[in-house]
Structures are given as structure tokens and as C-alpha cells.
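**Q** A predicted structure for the sequence below; I have some questions about it.
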Amino acid sequence: MAAAQPERSTLAASGSFALAARFSLRVDEQNHSGRLDWQHSPTSDEWLLSSPFGQGLAEIVSTPAVACLSAGDGRRECDASLDALTQRVLGYPLPLAGLADWVRGRGAEGGRVDALGRPLALARDGWYVDLAYDSDAADAADAPPGRLFISRPGGPELRLVIDAWTLPLGANDAPAAGVDAISPLVLPVVPVTAVQATPLPAATPMTPLSSDH
């Protein structure tokens, strides 16, 4: 099912959002898949990674000063930045710090666009991002991407499919049709419920992603 899509201009104006997505990560011929629940604000990010069946894998909380990962066994790892934390814990980099812009279709100014003027590709810090949308109708010209394919030469490949958005009330008058609204000051935290060590184990494959790539 296509995600309920807010407008990119609404996301840019609010600065805060929450989303639910499916991810597929390929690293060194190994495939991992699962679910991501993510709450973003201008000053913090909270990430909950789960298996395709909802079993908690890890929770990451990041601020401009520190990023910390908590596992279900009580283990806690912290570093100065989100990128440094994922590099040290997983053994390879993940561009989580850039995703807040990419899921909103930002950072591709001057790059390739489609017939509706929506960004299709961007490059940042050695990462290449291809973006796809859930509708080609004229009224979807301001929609954010529904699917992202993120890669780095010789590095991991990450696919992301956004299933649902949640926006703060009052971010830009009323929320878009079909998009949930949340209080801008209250973002519920979902606790980690299961023990899981890193690197992530191979998980049962999720529903196949778009064949655009």
C-alpha cells in the first residue's frame, strides 16, 4: 500500500516528523531486513530497529552532542556522532545522519528531477541516493519520496520504503489528508524488547521492495 504522503514543503516547515518504514540492508553479500520507527526533531533523533515481525533489535538516541545505542541485554554504546557510532558498533558506516534530509527530498538542488520537478538523485559525502515516488499524479508534485536506494562504492546498500508519516499538530495548519498528527512536544518512545548483538543477524526477508533498482 502506498504511504500517506505529506507535502515536502510541510515537512520542511515543521522540522519534526515521525515515520514508520521497512528497510533492507546488504553488506558483504549478507542481507538484513526489518522495520524502522523513527522520530526526528531539530535537536534529537530516536530510532527503533525491529525484525520484520516486530521483535526489537536496538534503539538509538542521537543529539548534536552524543549518540547512544541501547540493546535489549542492557549493553549501551555511545560516541560523539551518529555516523561514528554506527561505524564503531557495526564495523561499517551507515549514513543515518543524512537521512533526515533525504526522506524529505532535500539536498538534491541542481540534480536530476522528474517531470513533476521532484528530485530523483543526489550525492553527499560519498553516498549516492536514488529516490522514487508512490504516485506520478500532478497533485503529487510536492510529495516526499516513498522509496530510497542508498549506496556507496564498495560499501553497504540500503533500501528504505516509507509506510506511514506522523507530523506535529500546527506544523503547517492542518496535516495532509491521510497523515496522522501528533503533539509537537510528545513523541512516544517504543522500548527495546529483545536481546540482539551487533552486527545484525540475517533476518527473514520482508515483502519485496520496488524493482526500480
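**A** That came in fine, so what should we check first? Everything numeric here is computed off the predicted structure, so don't read it as measured data. Numbering: from 1, shown residues only.

**Q** what pLDDT does the residue minimising distance to the centre of the chain get?
**A** By Cα atoms, centre = their mean, the chain has its centre lying nearest to Leu99, at 5.7 Å. Looking at Leu99, its pLDDT is 91.

**Q** hang on, it in a helix?
**A** Yes - under DSSP: H, G, I helix; E, B strand; the rest coil, Leu99 falls within a helix.

**Q** which residues does it contact?
**A** By Cβ atoms under 8 Å, 6 or more residues apart in numbering, the contact set of Leu99 is Leu160. In short, each C-beta sits where N, CA and C put it, glycine included.

**Q** kindly report the same for the one 5 residues further on.
**A** For Arg104, the contacting residues are 8, 11-12, 17, 144, by Cβ under 8 Å, 6+ apart.

**Q** that older thread, distance of the residue nearest to the centre of the chain from Ala141?
**A** 22 Å (Cβ to Cβ, to the nearest Å).

**Q** do the same with Arg124
**A** In terms of Cβ to Cβ, Arg124 sits 23 Å off from Ala141.

**Q** same check on Pro119?
**A** Computed as Cβ to Cβ, the Pro119 to Ala141 distance reads 12 Å.

**Q** so between those two, which is more surrounded?
**A** Each of Pro119 and Ala141 has its neighbours counted (other Cβ atoms under 10 Å); Pro119 has more, 23 against 16.

**Q** and that one, what pLDDT?
**A** Value listed for Pro119 in the pLDDT field: 91.

**Q** I'd say it and Gly105 touch.
**A** Yes - taking Cβ atoms under 8 Å as the definition, Pro119 is a contact partner of Gly105 at 5.1 Å.

**Q** need the residues touching each of the two.
**A** With Cβ under 8 Å, 6+ apart as the test, Pro119 and Gly105 both reach 131, 145.

**Q** find me the pLDDT at Ser14, would you?
**A** 86.

**Q** any idea how far it is from Trp165?
**A** Distance, Ser14 to Trp165, by Cβ to Cβ: 11 Å.

**Q** Asp114 too?
**A** For Asp114, the distance to Trp165 - Cβ to Cβ - is 21 Å.

**Q** between these two, which one's more packed in?
**A** Counted by other Cβ under 10 Å, Asp114 and Trp165 do not tie: Trp165 has more neighbours, with 23 against 13.

**Q** re the thing from before, the residue nearest to the centre of the chain and Leu158: what is the separation?
**A** 9 Å.

**Q** show me the contacts for Ala20.
**A** Contacts of Ala20 by Cβ under 8 Å, 6+ apart are 35-38, 162-164.

**Q** 10 Å instead?
**A** 3, 35-38, 48, 162-166 (Cβ atoms under 10 Å, 6 or more residues apart in numbering).
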